[in-house]
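Engineer: Predicted model follows, preceded by the sequence.
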Amino acid sequence: MEKMGIVEIPVLTDKTFNDFRELIYREAGITLRDTKRILISNRLRKRIIALKLNSYDDYYRYLTETGEGKRELPNFIDAVSTNETYFYRGDNQFGALREEILPKMFKKRSKINVWSAGCSSGEEPYTICIIIMETAGITWKGEIEIVATDINTEVIDKAGEGVYGGRTLKFVPTGLLERYFDNLGNENYRIKDTVKQHIKFKCHNMLKQDPPGKGFDIIFCRNVMIYFDKNTQGELVDKSFRKAISDEGYLFIGHSESLMGKTESFKYAHVCKAPIYLPITREE
Ligand SMILES: C[S@@+](CC[C@H](N)C(=O)[O-])C[C@H]1O[C@@H](n2cnc3c(N)ncnc32)[C@H](O)[C@@H]1O
C-alpha cells in the first residue's frame, strides 16, 4: 500500500502500468519507458486523489469504461506527457534560421508562416517569433503568423498567459528580456503583445488531427518525436508534415533526433550544423 495523507492505495502493478502504457500509446502515440514508472505513478496518484478513487485500477477503469472518463482523458494525457522546454533551446538551429533561412525568405516573401508542433508552454514559438522580429529589424516589414500546438491543455493555457520566471529565461540574450518582456517583479516576466499578437495557441493532437494549416514555410517539431516509435514518426512526417509544409519549406527536428530511414518525403540538409529537413519535391 502507498500512503497518500490519510488515504492509502495499492501500489501500481505491472499489469496496470502496461494498461496505462497502451492507453497513452493509443491516444497520443507516446511510448512510455520503464524508467518513467515512478514518475507516472506519482503523477497519476494526484488524479486518483482528486477524483476520490481508490486505486490505479479504478482510475484505469474510470478512464476506459465510464462516460466521465472521456472528459478525464486530457488530464491523464497532461499527467503523463513530458513538457521540458526553455527559451532559445537549440541555438544552432536558431543560428541557421537567423543566418541562412530568414535572409533568403525576406527577399521573396511578404509573409512567413510557422507551425510549432508540440510547443509545450510556449517558449519555442515565442523564441522563433523574437528571432524573426530581430532578424527582420527595420528592413523586412512582412507579416509573421505562428500556429503553436500541443496535446497538453495545461501547457497551452500557460503559453497563452505568457508569464515566465526562473531558469526557462536563462538563455534569453542580454537586452532582449527588456525589449520583448514586461518585468512583473519577483523575477517574473510577461511576453509583450508585440510578440504575442503573431502567435495562435491551440490544443491539438498531431497524430490524430489534420495539420492546423497548409503552406507552412517552417515547421518546428523538436523533442516530441523521441516519444513516438519509428513507424509513428514516419507516418507523421510523410502524411501530416508533408501535407502542411510548402515545397520550399524547412522542417526542424530536435538535436538528438533523426529521420534517417523513416521518411520518403524529406531529405536531410546541412544548414549551420543543425538537423533540418527539406521536402523532396516532385521534380526530384
Ligand atoms: C519535451 S516537449 C518539447 C517542447 C519544445 N518543442 C522544445 O523542444 O523545447 C514535448 C511536447 O510534445 C507534446 N506532445 C506529445 N505528444 C503529442 C501529440 N500527439 N500531439 C501534440 N503534442 C504532443 C507534449 O505534450 C510536450 O509538451
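Structural biologist: Nice, thanks for sending it over.
Engineer: Can you give me every residue that contacts residue 267?
Structural biologist: With contacts defined as C-beta atoms under 8 Å, 6 or more residues apart in numbering, residue 267 is in contact with 277-278, 280. Quick note: C-beta positions are derived from backbone N, CA and C, even for glycine.
Engineer: Recalculate using a threshold of 10 Å.
Structural biologist: Shown in contact with residue 267 (C-beta atoms under 10 Å, 6 or more residues apart in numbering): 259, 277-281, 284.
Engineer: Let me have those in CSV, adding pLDDT, secondary structure and neighbour count as columns.
Structural biologist: Formatted as CSV, the contacts of residue 267 follow (pLDDT from 0 to 100; DSSP: H, G, I helix; E, B strand; the rest coil; neighbours: other C-beta atoms under 10 Å):
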residue, pLDDT, secondary structure, neighbour count
259, 95, coil, 21
277, 96, strand, 22
278, 96, strand, 17
279, 96, strand, 19
280, 94, coil, 14
281, 80, coil, 10
284, 46, coil, 7
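Engineer: Format these as TSV; extra columns: distance to the ligand.
Structural biologist: Shown next, in TSV, are the contacts of residue 267 (distance: C-beta to the nearest ligand atom, whole Å):
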residue	distance to the ligand
259	16
277	16
278	20
279	20
280	24
281	26
284	29
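Engineer: Residues of the stretch 151-284 of the chain that sit close to the ligand?
Structural biologist: Residues of the stretch 151-284 of the chain found near the ligand (C-beta under 6 Å from any ligand atom) are 151-152, 155, 205-207, 222-224, 227, 254.
Engineer: quick one, strands of the stretch 151-284 of the chain?
Structural biologist: Using DSSP state E, counting those that start in this stretch, the strands assigned to the stretch 151-284 of the chain run over residues 163-165, 181-185, 188-191, 199-203, 216-221, 245-253, 266-271, 274-279.
Engineer: most tightly surrounded among these?
Structural biologist: Most buried of the strands of the stretch 151-284 of the chain, by mean neighbour count (mean count of other C-beta atoms under 10 Å): strand 216-221, with a mean of 24.
Engineer: That strand - what's its average pLDDT?
Structural biologist: In this model, strand 216-221 carries a mean pLDDT of 98.
Engineer: swap in stretch 136-149?
Structural biologist: Here the average pLDDT along stretch 136-149 is 95.
Engineer: buried stuff in that stretch?
Structural biologist: 136, 140, 144-149 (16 or more other C-beta atoms under 10 Å).
Engineer: List the ones among those that fall in helices.
Structural biologist: Of the buried residues of stretch 136-149, the ones assigned to helices by DSSP state H are residue 136.
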